[in-house]
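Enquirer: mind looking at a prediction? Sequence and model below.
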Amino acid sequence: MALGSKKGWKSIVPLRLKGKSAPRFCLFPKAKSANYGPGNTPVYLNVYDLTPMNGYVYWAGLGIFHSGVEVHGVEYAFGAHDYPSSGVFEVEPRQCPGFKFRKSIFIGTTCLDSTQVREFMERQAASYNGDTYHLIVKNCNHFCKDICYKLTGKKIPKWVNRLAKLGNLLQPYAT
């Protein structure tokens, strides 16, 4: 999947203007506020089907999924592109273009307010360049696993990225 090729995606990485005194500038609006107190803001994993075949194999704990992390009314995800800049983007929750929404899973809560989450995501985005995306070892589900754990201390369900894990185990045998 190519970042920026689908309408509705916004890059999470701030633009850096040349010069020492250049201010930080972001391509996205201010984070939406929520009516939650400290430590009570829910963090959700939004899971999408990548293929209609998921309807037949989901019951067996298999499938090919895309996922994003929803917090403070914004969904963050990771996608591929050809440039050495962040592949992290934001969309409206449960509305990621090109994918069929399957379910939202409550992961836990965070004590970060919307501004702190935004700053946290900008820092994390630096580790997820679009040209480093790999279906088996560094995909959207790996991103969500990392972000959910850092925000809540809890892991995402294993079935979300099970096929990539199986692919990683079988990769040494593919020649």
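Expert: Okay, I see it.
Enquirer: of all residues in this protein, which one is nearest the centre?
Expert: Central residue of the chain (C-alpha atoms, centre = their mean): A77, 2.3 Å from the mean position.
Enquirer: which residue is the nearest non-sequential neighbour of that residue?
Expert: G68 (3.6 Å; C-beta to C-beta, 6 or more residues apart in numbering). In this view, the C-beta of every residue, glycine as well, is placed from N, C-alpha and C.
Enquirer: now do the strands in this structure.
Expert: Taking DSSP state E as the test, the strands found in the chain are 10-11, 15-16, 24-25, 41-49, 65-71, 74-78, 88-91, 100-110.
Enquirer: neighbours around the residue nearest to A77, how many?
Expert: By other C-beta atoms under 10 Å, 29 other residues sit near G68.
Enquirer: pretty sure it is touching N46, no?
Expert: Yes - with contact defined as C-beta atoms under 8 Å, G68 reaches N46; the gap is 4.9 Å.
Enquirer: and the contacts of stretch 40-51?
Expert: Contact with stretch 40-51 is made by 34, 36, 55, 63-72, 75, 93-94, 96, 99-113, 117, 144, 148, 151-152, 156-157, 160, as judged by C-beta atoms under 8 Å, 6 or more residues apart in numbering.
Enquirer: so what sits opposite the residue nearest to the centre of the chain in the bridge?
Expert: Beta-bridge partners for A77, by DSSP bridges, are F89.
Enquirer: close enough to count as contact, it and V69?
Expert: Yes - counting by C-beta under 8 Å, V69 is a contact partner of A77 at 7.4 Å.
Enquirer: anything in contact with each of these two?
Expert: F143, C144.
Enquirer: what about P97, neighbour count?
Expert: Other residues near P97 come to 12 when the count uses other C-beta under 10 Å.
Enquirer: correct me, but it touches A77?
Expert: No - in this structure, P97 is not within contact of A77 by C-beta under 8 Å, at 10.7 Å.
Enquirer: what is in contact with those two at once?
Expert: In contact with both P97 and A77: V91, using C-beta under 8 Å, 6+ apart.
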